[in-house]
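> Predicted coordinates and the sequence they were generated for:
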Number of protein chains: 2
Amino acid sequence: MERISTKTTHEGKLSSVRVDEFRYEDGETAEREIVAHPGAVGIVAHDDEIVYMVRQPREAVGEEALLELPAGKLDVAGESPIECAKRELVEEVGVEAAGWEELTRFYSSPGFTDEQVFLFLATDLTEVEAQPTEGERIEIVKVPLVNLEQVIEECEDAKSLVGLLLLGPRL
Amino acid sequence: MERISTKTTHEGKLSSVRVDEFRYEDGETAEREIVAHPGAVGIVAHDDEIVYMVRQPREAVGEEALLELPAGKLDVAGESPIECAKRELVEEVGVEAAGWEELTRFYSSPGFTDEQVFLFLATDLTEVEAQPTEGERIEIVKVPLVNLEQVIEECEDAKSLVGLLLLGPRL
């Protein structure tokens, strides 16, 4: 499979749309519309008692308050996923971690967008001061690990489901 | 939170982009760029021995062949998620199921798109003839359930990870 042309059809503030043409090994070609995204990180930060989550409005899906893992977009030039995860964990929930491990990485919806999410496990935690970005309406929620199964049932977004489902067997 | 205006900024073939303005209860307002998506279904179809998966090119993420759960977009007017799941399971892998149950539903990436994925468990299976849509390059893969953990490590997309992680404890 080889990309033989690309054309940007929309430049938004956050995402852009392009139409790429591909040629397969048998010579056939096909056009695909692709929503470009810089990628994101999600963090499963826990100690023996709790996992840190956030509750925030998600206007795109019409939800006043989704309970999610801390996360952020890879929108700082030159910043690696792990650096982004460390920064976001401090900014969003006011936590520094000494132990970091990549849990998994996945495409959010590979039929239409190139967004890839890097999920990290963060342990050996120290609370510092959160530094919320202006305009973010983020409530920090310390979820007791004994409630993990119940919280997995409440979760409504991909990264939080994947992260918490992978956390369970490690506890 | 209330949506006070909406403006479509791009109409693509598959997805469109809009900019919505929201007013929060404290009176503040914010604009959000949202990629609109019709939603999708994913299916965990298994018997005592195997779970059905598919391998297909995913041009959006530059992958020749991703191993995924069978899935499809909610792009037929008036079709419910469960009807779509039944249709896709026949079309993509040539399987009919007598037992259906909703496993979960989740937003793929609620920071930027409204895509919601409905995940179903399908059991009591009968093989029929697959009806691939023209241009789809789908290889049917029967994954032995004894290899489930290994396949979870290979999976690279959100719906397959969530579906297979939820399947494990049910076996």
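Looks like it came in fine.

> Residues contacting stretch A:119-134, please?
Under the contact criterion C-beta atoms under 8 Å, 6 or more residues apart in numbering or on different chains, stretch A:119-134 has outside partners A:41-47, A:52, A:69, A:81-82, A:85, A:89-106, A:138, A:140, A:159, A:162-163, A:166-167, A:170. In short, each C-beta sits where N, CA and C put it, glycine included.

> 6 Å instead?
Residues outside stretch A:119-134 that contact it (C-beta atoms under 6 Å, 6 or more residues apart in numbering or on different chains): A:42-45, A:47, A:85, A:91, A:93-104, A:138, A:163.

> tell me which residues in it are buried?
Within stretch A:119-134, the residues that count as buried by 16 or more other C-beta atoms under 10 Å in any protein chain shown are A:119-122, A:125.

> Of the contacts of stretch A:119-134, grab the buried ones for PyMOL.
Command for PyMOL that selects the buried part of the contacts of stretch A:119-134, burial taken from 16+ other C-beta under 10 Å:
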select buried, chain A and resi 42+43+44+45+85+91+93+94+95+97+100+103+104+138+163
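
> which ones among the contacts of stretch A:119-134 are found in helices?
Within these, residues falling in helices by DSSP state H are A:85, A:91, A:93, A:163.

> quick one: which of these is nearest residue B:19?
Residue B:19 lies nearest to residue A:91 out of the ones in helices among the contacts of stretch A:119-134, by C-beta to C-beta, at 25.1 Å.

> Need the pLDDT of that closest one.
Residue A:91 is assigned a pLDDT of 94 by the prediction.

> Identify the residues contacting it.
Counting by C-beta under 6 Å, 6+ apart, residue A:91 has contacts residue A:131.

> Flag every residue of chain A that's near chain B.
For chain A, the residues in contact with chain B (C-beta under 6 Å from any C-beta of the partner chain) are A:1, A:10, A:12-15, A:17, A:22, A:32-35, A:57-61, A:64, A:106-110, A:112, A:114-115, A:156-158, A:161-162, A:165.

> so where is chain A shaky, pLDDT-wise?
A:134-135 (pLDDT under 70).

> sorry, back to before: in TSV, list the ones in helices among the contacts of stretch A:119-134 along with distance to residue A:148.
Shown next, in TSV, are these (distance: C-beta to C-beta, whole Å):
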residue	distance to residue A:148
A:85	21
A:91	25
A:93	18
A:163	11
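
> Those residues: which two are farthest apart?
Maximum distance among these (C-beta to C-beta): 18.2 Å, for A:91 and A:163.

> which of the residues in stretch A:4-17 are buried?
A:10, A:12, A:14-17.

> Please read the previous query as pertaining to stretch A:41-58.
Those would be A:41-46, A:50-54, A:56-58, for stretch A:41-58 by 16+ other C-beta under 10 Å.

> Return the closest of the residues you listed with respect to chain B.
Nearest to chain B, judged by C-beta to the nearest C-beta, of the buried residues of stretch A:41-58 is residue A:58 at 4.2 Å.

> I figured that closest one hits residue B:111, correct?
No: using C-beta atoms under 6 Å, residue A:58 is not in contact with residue B:111; the gap is 7.0 Å.

> what would the buried residues of stretch A:4-17 look like in CSV with secondary structure and distance to residue B:74?
Output for the buried residues of stretch A:4-17, formatted as CSV (DSSP: H, G, I helix; E, B strand; the rest coil; distance: C-beta to C-beta, whole Å):
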residue, secondary structure, distance to residue B:74
A:10, strand, 22
A:12, coil, 23
A:14, coil, 24
A:15, coil, 21
A:16, strand, 24
A:17, strand, 20
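
> ok, so of the ones in helices among the contacts of stretch A:119-134, who is nearest chain B?
Here the nearest of the ones in helices among the contacts of stretch A:119-134 to chain B, counting by C-beta to the nearest C-beta, is residue A:163; it sits at 10.0 Å.

> Could I get the full set of strands for chain A?
Counting by DSSP state E, chain A has these strands, from start to end: A:2-11, A:16-23, A:29-36, A:40-45, A:50-58, A:63-68, A:71-73, A:95-107, A:116-127, A:139-144.

> between the ones you listed, which one is nearest to residue B:152?
The nearest among the strands of chain A, by C-beta to C-beta, is strand A:95-107 at 8.8 Å.

> what's the spacing between residue A:154 and residue B:104?
Separation of residue A:154 from residue B:104 (C-beta to C-beta, to the nearest Å) stands at 11 Å.

> what do you get for residue A:4?
Counting by C-beta to C-beta, the gap from residue A:4 to residue B:104 is 39 Å.

> what does residue A:94 give?
Residue A:94 is 30 Å from residue B:104, by C-beta to C-beta.

> Repeat that for residue A:127.
32 Å.

> what do you get for residue A:60?
Here the criterion is C-beta to C-beta. By it, residue A:60 lies 19 Å from residue B:104.
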